[in-house]
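Novice: Give the three-dimensional model of this entry:
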Amino acid sequence: FYLTANMDGSKTEVKSGTESVYLRKRINLLGAVCLIVGTVVGSGIFIAPKGVLKNSGNVGLSLIIWSLSGVLSTCGALCYAELGTTFKKSGGHYIYLMETLGPLPGFLRLWVEFIMIRPAVASVVALAFGCYVVEPLFAPCPAPMALTRLVSLLGVTFVVAINCWSVSWASRIQITLTFLKMATLLLIIIPGITVLAKGNKENFQDAFDTSSLNLEKVPLAFFSGLYAYGGWFYLNFITEEVINPNRNIPLSIIFSMVIVTVSFVLTNVAYYAVMTAEEVLQSEAVAVTFAERTIHGFSSVIPVLVALSCLGALNGGFFVAPRMLFVGAREGQWPVLFSMIHIRRQTPLPAVLLLYPFVFIMLLRGELFQLLNFYSFARWFFIALTTLGLLVHRYRFPDYPRPFKVPVIIVVAFTTVCFAIVGLSIYSDPWNTGVSCAITLSGVPVYYLTVHEQRLPKRWRKAFSE
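Specialist: This next block holds a predicted model:
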């Protein structure tokens, strides 16, 4: 039932009768825009406002952080658009690190993706899904955590099944849920802007009150904001499946990030137009509390739409993340099982299924904001390393064909800010970032014992062979 992909780059081709089996080019411009928007607009905009406000200390700074997070994510997305049109392989961060900085950084990105980042990201989104499904059923009492986790697991199971069954179905579901997500944001933005237009601006008075400001926590506020924008790089995971990537990758990234940044800032303005900072911090489900204040007749619809939004983000993550592991196996740096695709359904079924137990474990043991801080260090460290690799590659190969080229000042600024946020996060949350760093470094011995055993000292090789 499964075929192994070749290690030849652009096509993972295996013969079955007269037809070649590989991950086909099926993602057009609309599909690419919907993948990015549908993955970015997920749980983040509905749970991150609380984290951004808590760590920024006031309404004004939180809105600045939301805007800067959008600008920073857009700069990163433009850098990845250059990488995606320069190296036309799927695999995202992994393949770019391989091509620019070498095999060890690439392997470490694979390692943390499988062990930590993907399970943690999926768990955060799934917990948000479970929260918005279960909370309204028990309001005003707190919902049982066990039930929330069970519903979250059911959501993950549904998404895994869809992505194992059909690429086309996963793509259609993503497009449908993307339009539902934008409708959800409009249901929040329009009433909020209406309240502001009527002159109700009390919640924006003393917007920059410094009584609760703690500069040590500002990097964690950025992590929450950047988490909400997370997903702008997912299209690069499936470059080989994008039709006309030189055109569609840059265009889809630009369109998507403009839509998302404007929508997210307006959504937060709408939240604060209706709710005080204290009410935002006390609310377990900000969008539900907002709906109860503004659209009474439709307030029961909001949790359903938010849950579907989270499901769309979960689907987008499971649609693209296994492709990185798939490409890693094809390049010979990951177990060959991950490079197999289903002969009839043409989906990377083993890679999808093998992520499932790790998500299950984190769902059972993790807490939402703890998981967010836990994986953010590794994710943003490798994003910074990837754009640093872009600068290195430009310096080493100035004449290399680049169909889309970003001004160097954007690449330098983005890389510097990312490294700064990562460095400050070690001071802000030493425990979670320390554990994340340790898990990342644990991949170094794994790399030398498996992928590059010949680089070990002769005495060590002899010991392991015996």
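Novice: Helices along the stretch 201-350 of the chain, start to end?
Specialist: Counting by DSSP state H, counting those that start in this stretch, the stretch 201-350 of the chain has these helices, from start to end: 218-229, 245-274, 277-282, 286-294, 301-330, 349-365.
Novice: What average pLDDT does the helix or strand that the last one is followed by get?
Specialist: The first helix or strand that comes after helix 349-365 along the chain, using DSSP states H and E, is helix 368-396. Model confidence over helix 368-396 averages 86 on the pLDDT scale.
Novice: Equivalent analysis for stretch 437-451, please.
Specialist: Taken as a whole, stretch 437-451 has an average pLDDT of 88.
Novice: Report the separation between the two terminal residues of it.
Specialist: 21 Å (CA to CA, to the nearest Å).
Novice: Now do it: distance to the chain's middle.
Specialist: With CA atoms, centre = their mean, to the nearest Å as the basis, the distance from the averaged C-alpha position of stretch 437-451 to the chain average is 23 Å.
Novice: hmm, back to that, could I get the helices of the stretch 201-350 of the chain as a markdown table with mean pLDDT?
Specialist: Rendered in a markdown table, the data for the helices of the stretch 201-350 of the chain read as follows (pLDDT from 0 to 100):
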| stretch | mean pLDDT |
| --- | --- |
| helix 218-229 | 84 |
| helix 245-274 | 90 |
| helix 277-282 | 86 |
| helix 286-294 | 83 |
| helix 301-330 | 82 |
| helix 349-365 | 84 |
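Novice: I'd like those laid out as JSON lines, including distance to residue 80.
Specialist: The C-beta positions use only the backbone N, C-alpha and C, and glycine is treated the same way. As requested, the helices of the stretch 201-350 of the chain are arranged in JSON lines below (distance: least, CB to CB, whole Å):
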{"stretch": "helix 218-229", "distance to residue 80": "13"}
{"stretch": "helix 245-274", "distance to residue 80": "7"}
{"stretch": "helix 277-282", "distance to residue 80": "32"}
{"stretch": "helix 286-294", "distance to residue 80": "29"}
{"stretch": "helix 301-330", "distance to residue 80": "13"}
{"stretch": "helix 349-365", "distance to residue 80": "21"}
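Novice: For residue 348, give its distance to residue 329.
Specialist: Spatial separation of residue 348 from residue 329 under the definition CB to CB, to the nearest Å is 9 Å.
Novice: Spit out the residues that contact the two alike.
Specialist: Shared contacts of residue 348 and residue 329, defined by CB atoms under 8 Å, 6 or more residues apart in numbering, comprise residue 338.
Novice: Looking at these two, which has the bigger crowd around it?
Specialist: residue 348 (27 against 24; other CB atoms under 10 Å).
Novice: Identify the residues contacting that one.
Specialist: The neighbourhood of residue 348, defined by CB under 8 Å, 6+ apart, consists of 23, 322, 323, 325, 326, 338, 340, 341.
Novice: What subset of those residues is buried?
Specialist: When burial is judged by neighbour count using 16 or more other CB atoms under 10 Å, the buried members of the contacts of residue 348 are 23, 322, 323, 325, 326, 338, 340, 341.
Novice: with those residues in mind, which one is nearest to residue 51?
Specialist: Using CB to CB, the shortest approach to residue 51 within the buried ones among the contacts of residue 348 belongs to residue 322, at 27.9 Å.
Novice: So the closest one sits against residue 356, correct?
Specialist: No. Between residue 322 and residue 356 no contact is recorded; they are 10.5 Å apart, counting by CB atoms under 8 Å.
Novice: what residues are shared contacts of the two?
Specialist: Common neighbours of residue 322 and residue 356, using CB under 8 Å, 6+ apart, do not exist here.
Novice: What number of residues are in the vicinity of residue 433?
Specialist: One way to gauge burial is a neighbour count; for residue 433, by other CB under 10 Å, it gives 24.
Novice: ok, for it, nearest residue in space, not its chain neighbours?
Specialist: Take residue 433 and drop its neighbours on the chain: the residue closest to it by CB to CB, 6 or more residues apart in numbering is residue 377, 4.2 Å away.
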